[in-house]
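**Q** I'd like to go over a predicted model; first the sequence, then the structure.
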Amino acid sequence: MDQPQAPIKTAFGLRFCLSLSTACLVLLFGIAYMHNARAESTASEVSATGSITSRSITKKEMLGFTINVRNKTGVPLGNVKLIRLPDDYELERALTVLTPQQGKKYFPQFSPADDVLISSLPPGGNITAWGYLKPQGTHKAATLILKLSWTLPSGSSGAPTSVAVNLGDNQVRGWWEAQWISDLTKILAVPLLLAVITALITFSLNLLARNKEQREETRRQQIENDRRQAEDQKEEARRTAEAEAERRRVKADHAAAVRTETWNQMLPIIHKYSTECYLPLSSAADRMRTNLRLWQADPRPATQKIAFIYLLFVGKKMAITRNTVGGFYFKDLRGEMLAAECWRKHRRAVLGRESTKFNVAVKASVGLLDDKETYQTFENKFVSKAGPYLDNNIQEAWDQFRKWSTRTARVDYAMQHLLGFCLILDYELNRPYDYWYDPPARLTLTPEMEKLLRRIAAKSDYTQPQVDEYFAKVIRPKH
C-alpha cells in the first residue's frame, strides 16, 4: 500500500501531497503523449508524389509512371517497398530506382513482394523510381493510387509506416476506341456525312415543297374564311352600332323631355324661392357683414347698431326661408351642402350653443320681427329716445352682441363663413338661368376662400373628383 508523501508547499502557499502510484501514472501519460507527438511528426514529414505519362491509353498500351519519396524526418527509413499497385494494373518489365547517395539501380524483373526500392533512406534523402504499368481491362477515367511502406528504427514503434501516392487520372479505352479506328472514322466521316446531308437536304426540300403547297392552300382558305368572317363581323357591328345609337338617341330624347318638363315645372318654383327667400337672406347677410367690417375699421356706435339690426334681420330671413321652403334647394347638391355648412359654422361662431344668453335673446328678438320688417320700422317699434331698447330680449341681445364684437378672432371666423355662404348662395341663385345669361354665372372666389370651401367639402361624402368638378370653373375677383 502506497504511503502518502510529505506535503509540498507551492508558490502560492498551498500545500498538496502525491502518492507514489499517482506520480507513476502522471509520468506514463507524459511518455505516451511525447511518443504520439513524435510519431505524428514523423508521418507528416515523409512525402511521396507521383505522375503518369498519359491520361488515356488502350488496353494493349503501357503506362509509364514515376514516383518520388523524400524523407524529411530525423530518422532513417528502412526497406522502402512498393506494396500495392493501382487496382486493375500490374507491373510490366523492369523498374529503375535513382538515389543521390547510391546512384541508379535497375531491377530487370521487379517483384513488389520481394524487392525493396532502397534498404535505407537517410534523413533528408530522396529516391525516384520509374517503370511501366499494364492495364488488365478497360475503365473510365479514374485516379490511380499506389502504396509505399517502410520500417522505422527501434523506439519509433506506433508511428505510420506507409503512404498512398496519387499518380493522377487515367482512362483505358477499348478496341473500338483505338486510334486507328478514330483516324478511319475521321477519313470516312466527311464523305458519309456529306452523303447523309445530301439525302437529308433532298428529303427536306421535297418535304418543304409539299408543306409549302399545303400551307399556301390552307392560307388561301384561311384568307377567304377570314374575309367572310370579317364581313359578317362588320355587318354585325354595324347593326349593333345602329341599334346602340338608336337606343342612346331614344334615351337622350326621353331624358331631355323629362329634364325639360322638370325644368318647366321647377324654374317658376326656384324663381319664387329666390325672390321671396334666398335674395332677401343674401342681402341681409351681406349688409350685416359689411357694417361689421366697417365698425371694425372705424368703431362708431351707429355702425355697430346697424350690424346688430341686420344680425336680427338675417335670423328672421332664415326663419322665413326655413318655414317657407324647408331649407336650401339648389341646382347642385354640392352647393346646398356648402351653403348649409357655412351657415352652421357662422351661426355657431356668433351665437354659440343653444343655451347661451346671446342665442336665447337673439331667437326671442327674431320672433318679435315682422316678415317684412325694415330698418325704419324696427327703429320706430323698439328704439326709445332714452337709448335702451324697449324690449328686454332685444336689449339683452344688443348687450351680448357688443361683447361678442370685441372678440376679433371669433368675429373674423364668423364673417369668413358668412362671406362663403353669400358667395355660394348668389352663385346657385343664378345657375338656373344659364341659358338666359351670357356668359353664364361663374363662382368668384379668392384663393383663401376657395381653400376654406374645399376644406368643408373634403369632410363631406363627396369624392375628390366630385369636389374638383364643382370648383373647376372658379374665377378670381378682379380687385
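**A** Noted; the coordinates are in hand. Numbering: from 1, shown residues only.
**Q** switch to C-alpha atoms for all contacts and neighbour counts from now on
**A** Noted.
**Q** Go through the protein and flag its longest helix.
**A** helix 179-273 (DSSP state H).
**Q** Any figure for the gap between Trp398 and Arg344?
**A** Note on Trp398: its distance to Arg344, by CA to CA, to the nearest Å, is 21 Å.
**Q** what does the helix or strand hosting Lys381 rub up against?
**A** Following DSSP states H and E, one finds Lys381 within helix 375-382. Residues outside helix 375-382 that contact it (CA atoms under 8 Å, 6 or more residues apart in numbering): Ile309, Leu369, Tyr389, Leu390, Asp391.
**Q** which of these count as buried?
**A** In the contacts of helix 375-382, burial by neighbour count holds for Ile309, Leu369, Tyr389, counting by 16 or more other CA atoms under 10 Å.
**Q** what about Gly131, neighbour count?
**A** Applying other CA atoms under 10 Å, we find 20 residues neighbouring Gly131.
**Q** hmm, back to that, same question for the helix holding Lys381, mean pLDDT?
**A** Here helix 375-382 scores 90 as its mean pLDDT.
**Q** Also stretch 224-238?
**A** Averaging pLDDT along stretch 224-238 gives 92.
**Q** export it as PDB, just CAs?
**A** Taking C-alpha atoms only, stretch 224-238 is exported to PDB below (Å, rounded to 0.1, in the frame of the first residue of the first chain):
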ATOM      1  CA  GLU A 224     -61.200  33.500 -97.600                       C
ATOM      2  CA  ASN A 225     -62.700  32.400 -94.300                       C
ATOM      3  CA  ASP A 226     -61.300  35.500 -92.600                       C
ATOM      4  CA  ARG A 227     -62.700  37.700 -95.300                       C
ATOM      5  CA  ARG A 228     -66.100  36.300 -94.900                       C
ATOM      6  CA  GLN A 229     -65.900  36.400 -91.100                       C
ATOM      7  CA  ALA A 230     -64.700  40.000 -91.200                       C
ATOM      8  CA  GLU A 231     -67.600  41.000 -93.400                       C
ATOM      9  CA  ASP A 232     -70.000  39.200 -91.100                       C
ATOM     10  CA  GLN A 233     -68.500  40.800 -88.100                       C
ATOM     11  CA  LYS A 234     -68.500  44.200 -89.800                       C
ATOM     12  CA  GLU A 235     -72.200  43.800 -90.700                       C
ATOM     13  CA  GLU A 236     -73.000  42.600 -87.200                       C
ATOM     14  CA  ALA A 237     -71.000  45.600 -85.700                       C
ATOM     15  CA  ARG A 238     -72.900  48.000 -88.000                       C
END
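**Q** thinking again about what came up before, what helices and strands are in contact with the longest helix of the chain?
**A** Packing contacts for helix 179-273, counted by 3 or more CA pairs under 8 Å, 6 or more residues apart in numbering; DSSP states H and E, involve no helix or strand.
**Q** next SSE after that helix?
**A** Following helix 179-273 toward the C-terminus (DSSP H and E): helix 279-297.
**Q** sorry, back to before: of the buried ones among the contacts of helix 375-382, which is the nearest to Ala457?
**A** Closest approach between those and Ala457, by CA to CA: Ile309, at 31.3 Å.
**Q** Just send the buried ones among the contacts of helix 375-382 back as a markdown table, with distance to Tyr435 too.
**A** Shown next, in a markdown table, are these (distance: CA to CA, whole Å):
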| residue | distance to Tyr435 |
| --- | --- |
| Ile309 | 38 |
| Leu369 | 38 |
| Tyr389 | 49 |
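**Q** low pLDDT regions in this protein?
**A** Where the chain drops to pLDDT under 70, the residues are 1-44, 93, 101, 109, 113-114, 156-159, 176-183, 259, 262-263, 479.
**Q** Tell me which of Trp398 and Arg344 has more neighbours.
**A** Taking other CA under 10 Å, Trp398 and Arg344 do not tie; Trp398 has more neighbours (22 against 15).
**Q** just to revisit the earlier point, of the contacts of helix 375-382, closest to Leu121?
**A** Taking CA to CA as the measure, Leu121 lies nearest Ile309 of these, at 131.8 Å.
**Q** State whether the closest one is indeed within a strand.
**A** No: counting by DSSP: H, G, I helix; E, B strand; the rest coil, Ile309 falls outside a strand, being helix.
**Q** So the residue nearest to it when sequence neighbours are not counted versus Val383, what's the distance?
**A** Setting aside the residues directly before and after it, Ile309 is nearest to Tyr375 in space (CA to CA, 6 or more residues apart in numbering), at 7.4 Å. Separation of Tyr375 from Val383 (CA to CA): 11 Å.
**Q** In terms of packing, which of the two has more residues around it?
**A** Val383 (16 against 11).
**Q** measure that one to Tyr310 for me?
**A** Using CA to CA, Val383 is found at 15 Å from Tyr310.
**Q** And for Ile320?
**A** 15 Å.
**Q** what about the two, which has more around it?
**A** Between Ile320 and Tyr310, Tyr310 has the larger neighbour count (other CA under 10 Å), namely 22 against 18.
**Q** For the more buried one, give me its contacts.
**A** By CA under 8 Å, 6+ apart, the contact set of Tyr310 is Ala284, Ala285, Arg287, Met288.
**Q** Try it again at 7 Å.
**A** Applying CA atoms under 7 Å, 6 or more residues apart in numbering to Tyr310 gives the contacts Ala284, Arg287, Met288.
**Q** Run through the helices of this protein in chain order.
**A** For the chain, the helices defined by DSSP H cover 20-44, 179-273, 279-297, 301-324, 333-351, 357-368, 375-382, 392-405, 408-430, 447-458, 464-470.
**Q** Count residues in the vicinity of Gln323, would you?
**A** For the record, residue 323 is Asn, not Gln. By the criterion of other CA under 10 Å, Asn323 has 10 neighbours.
**Q** What distance do you get for His346 to Asn71?
**A** According to CA to CA, His346 and Asn71 sit 109 Å apart.
**Q** correction: Asp426
**A** According to CA to CA, Asp426 stands 114 Å off from Asn71.
**Q** Glu246 now?
**A** Computed as CA to CA, the Glu246 to Asn71 distance reads 109 Å.
**Q** ok, now Arg455?
**A** 96 Å.
**Q** ok, those two, which is more surrounded?
**A** Asn71 (21 against 11).
**Q** So what pairs up with that one in the strands?
**A** Beta-bridge pairing of Asn71 under DSSP bridges involves Val46.
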